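1. Let's see this in three dimensions:
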Amino acid sequence: MNPTDTPITGSTQNNPKETPKADSMKNPGNHSTPQNISQGRPQDDPERSSAGSSQGSSQEDSLHGSADSPQASSPKDSVHDSQEDSAGSSGDSSQSSSQKDSNGSSGDSSQSSSRKDSNGSSGDSSQSSSRKDSNGSSGDSSQSSSRKDSNGSSGGSSQSSSRKDSNGSSGDSSKDSSQEAGPAKAVPYKKIAVWTAAAIAAVLLLTYLGVSIYFRSHYLFQTTINGQDFSRQTVDDARAFFAGEANAYTLTITESGGRTEDITGNEIHMAWNDNQALDDILNEQNAFAWPFEYFKEKSEEVVFEISYDKNALEKKVSTLNAVTAEPIQPKSAYPEFDGNAYVIKPEVYGTDLDSEKLKKQVHQSVAQLEEEIDLQEEGFYKAPEYTTESKELKELCQTLNQYCKASITYEMDVPVVVDKTLISTWLSYDTNFHVTLDEAAIRNWMAEFGRRYDTVGTTRPLTTPAGKATEVSGGTYGWIINEEVEFPALVNSIRNGEVLTKAPACDQTAASHAPQDWGGTFLEVDLTAQHMWYLENGVVLFESDVVTGKNSTITPPGVYDILEKLSPTVLVGNIDPETKEPEYRTPVDFWMRVTWSGIGFHDATWQPAFGGDVYLWNGSHGCINMPYYNAQELYSFLQIGTPVVVHY
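-> Numbers count the residues shown, from 1 in each chain. Next up, the predicted model:
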């Protein structure tokens, strides 16, 4: 086999006696293309170039000699080709051949020369030549070739030598040798990737270890303690925070009416001791697991041991306004009539405070770090016995309002109404909520009602038909309310919640409840004028002069009514104590009684005259004497019960 055939076919000689592969595979990756090396090499001077060429030729001859031997050439070719196949570099051999053809020289030979130059330039070449001379054998040539193979260029050297022989262009070899000196060969991309990955891994490892060490003294991400975020903070940071919280702690005391007073942690020298709980939280966390803990929330609760100056706290409590102010006693809710119905008047809690109970609660609240005590809501004030929500009060209101449903209207000149407004004043209840209707109060009201509307004997104003204004009092005519009958009727109506309109029970009635209760139809006698009138609906229909009683037996003034009518009759006087006989017996034709004591209207034919001052010297025994025909006329239309008003 010719040496020139090896790079073209890429075949490998399988010789069991080939040189061991360890030397040829020390640097299997250092295969550079001849083109890249040639471009980066500076041009050598001619003399040095020719010398290198001569040395290269002598070594090439020795190679030519040994290449024919299967033991010498076959191992190098086999190793070279197998490395080219595994690294995908068979193209380099073709490229090298094409470059030789175009340049007239072998690029691989140049590579061999340049390697010799880089390992000692011409001096090494001389050494190689001298070795050949001294040993005079092809083994040295094989050694030289194997050294070139260890640099990854053995096959190329054979290829270069054979192509030189075939092309006969040793000048090109000198040119290639002059171009071999240049910068270091390029590092392969695979090795760069490996070193880059290794560097990144190292950085990540160092970062991971550094952060892990950091979290051995700091809380992990998303760590909250008692609701406070302590991510990436130290135990000292947490203790400093809670120490500040202790000083800033405030207990607010809310008094009745909304007034507030504060007790601060600073005033009572408060301190919080976590008993190493904050350290335990840090120690229990896995610092090396920090990447997995980044998105996990970790909430911790620490129960602090609270310490404070108890004497300072009790002194502060004793100076609170709620303790020192004059207490107001509580008042229970109660039913109240609001003008329409009974409603529950809200309770009053007052400010009578249990100070010992308050001190105990304040200690407890401070120990538990509570922030507010509402004295009213939490029952520190003495509570009223009954509130607006008490069932007893609600039932009581219902009973009271049942009484107030009653409404009794009395038909007077102005209607008199007994309703809830008045009834509510007669209602009361005891401590057991039993309702009482005050009957004594009702009786008193009834008596007052009678006095107001009973008119018999009372003084009434009037104006005579002649236009004289005067007054009249006395008599038997007018209203008399029967209180004994009306009182129980009123009580029953109230208890039953009745609504009704009625006239009061009366012993005697009158024409009206006006101030002139005799109405518009009546008889009127003016004792001063000695004259009388009969009015019907306020209009005078009849009038006459009269003679009334003398001074010793006067006609009594007052308001009366016609009690009876007789025609004829005999008027009988009072019994004389001495004679036991009536003082007189006088027959009359027209008798119209005014009083049961013997006063009335009648005809008096014995009177010489009527009116004027006749009554002074010839007055009657008290009756009202009338001329016969006038008495007859009056008798004809006068009705029993007609009011009679007698006045001066």
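
2. what residue lies at the spatial centre of the protein?
-> The residue lying closest to the centre of the chain (C-alpha atoms, centre = their mean) is E372, at 17.2 Å.

3. OK, contacts around that residue?
-> L251, T252, I253, T254 (C-beta atoms under 8 Å, 6 or more residues apart in numbering). (Glycine included, C-beta is placed from N, CA and C.)

4. Buried ones only from these, please, as a PyMOL command.
-> A single PyMOL command is used to select the members of the contacts of E372 judged buried by 16 or more other C-beta atoms under 10 Å:
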select buried, resi 251+253+254
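
5. Make JSON lines from the contacts of E372 and add distance to Y214, secondary structure and pLDDT to it.
-> Formatted as JSON lines, the contacts of E372 follow (distance: C-beta to C-beta, whole Å; DSSP: H, G, I helix; E, B strand; the rest coil; pLDDT from 0 to 100):
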{"residue": "L251", "distance to Y214": "39", "secondary structure": "strand", "pLDDT": "92"}
{"residue": "T252", "distance to Y214": "41", "secondary structure": "strand", "pLDDT": "94"}
{"residue": "I253", "distance to Y214": "46", "secondary structure": "strand", "pLDDT": "91"}
{"residue": "T254", "distance to Y214": "47", "secondary structure": "strand", "pLDDT": "92"}
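
6. could the contacts of E372 be laid out in CSV, adding distance to A271?
-> Formatted as CSV, the contacts of E372 follow (distance: C-beta to C-beta, whole Å):
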residue, distance to A271
L251, 16
T252, 21
I253, 22
T254, 26
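
7. out of the contacts of E372, who's nearest G600?
-> Nearest to G600 among those: T254, at 88.3 Å, using C-beta to C-beta.

8. For the closest one, which non-adjacent residue is spatially closest?
-> Nearest residue to T254 in three dimensions, chain neighbours excluded: D374, at 4.6 Å (C-beta to C-beta, 6 or more residues apart in numbering).

9. Could you measure from that neighbour over to S355?
-> Here D374 is placed at a distance of 16 Å from S355 (C-beta to C-beta, to the nearest Å).

10. Then W479?
-> Distance from W479 to S355, by C-beta to C-beta: 67 Å.

11. Between those two, which is the more surrounded one?
-> Taking neighbours as other C-beta atoms under 10 Å, W479 and S355 compare with W479 leading, 22 against 14.

12. and the residue nearest to the more buried one when sequence neighbours are not counted, what element?
-> Among residues not flanking W479 along the chain, T455 sits closest, at 4.6 Å (C-beta to C-beta, 6+ apart). Under DSSP states H and E, no helix or strand contains T455.

13. correct me, but T455 touches A510?
-> Yes - between T455 and A510 there is a contact under C-beta atoms under 8 Å: 6.1 Å.

14. pLDDT at K420, what is it?
-> You'll see K420 listed with a pLDDT of 95.

15. sorry, back to before: need the overlap of contacts for T455 and A510.
-> Joint contacts of T455 and A510 (C-beta under 8 Å, 6+ apart) are G478, W479, D517.

16. which element is the last one on?
-> So the one you mean is D517. Going by DSSP H and E, D517 is not part of any helix or strand.

17. check contacts around the spatially closest residue to it that is not a sequence neighbour.
-> Leaving out its chain neighbours, the residue that sits closest to D517 by C-beta to C-beta, 6+ apart is A510, at 4.0 Å. By C-beta under 8 Å, 6+ apart, the residues touching A510 are T455, Y477, G478, W479, D517, W518, G519, P643.

18. hmm, 10 Å instead?
-> When contacts are counted by C-beta atoms under 10 Å, 6 or more residues apart in numbering, A510 is found next to 453-456, 477-480, 516-519, 559, 561, 643.

19. next one: S424
-> Contacts for S424 (C-beta under 10 Å, 6+ apart) come out as P335, E336, F337, D338, G339, N340, A341, Y342, L400, N401, Y403, C404.

20. I'd like the distance between the nearest residue to the last one once chain neighbours are set aside and H434.
-> By that I understand C404. Leaving aside its sequence neighbours, C404 sits nearest to K420 (C-beta to C-beta, 6+ apart; 3.6 Å). Note on K420: its distance to H434, by C-beta to C-beta, is 20 Å.

21. hang on, the earlier thing: okay, and which of the contacts of S424 map to strands?
-> Under the assignment DSSP state E, those contribute P335, E336, F337, Y342 to strands.

22. Let me have these in JSON lines, extended by distance to F487 and neighbour count.
-> Converted to JSON lines, these look like this (distance: C-beta to C-beta, whole Å; neighbours: other C-beta atoms under 10 Å):
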{"residue": "P335", "distance to F487": "26", "neighbour count": "23"}
{"residue": "E336", "distance to F487": "28", "neighbour count": "15"}
{"residue": "F337", "distance to F487": "23", "neighbour count": "18"}
{"residue": "Y342", "distance to F487": "25", "neighbour count": "23"}
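
23. just curious, which of those is nearest to A441?
-> When the ones in strands among the contacts of S424 are compared for distance to A441 (C-beta to C-beta), F337 wins out at 14.8 Å.

24. Model confidence for the closest residue to the closest one other than its chain neighbours, exactly?
-> Spatially, and ignoring its direct neighbours in sequence, F337 is nearest to S424 (4.2 Å; C-beta to C-beta, 6+ apart). pLDDT for S424: 95.

25. same question, the one 5 residues further on
-> At Y429 the predicted local confidence, pLDDT, stands at 93.
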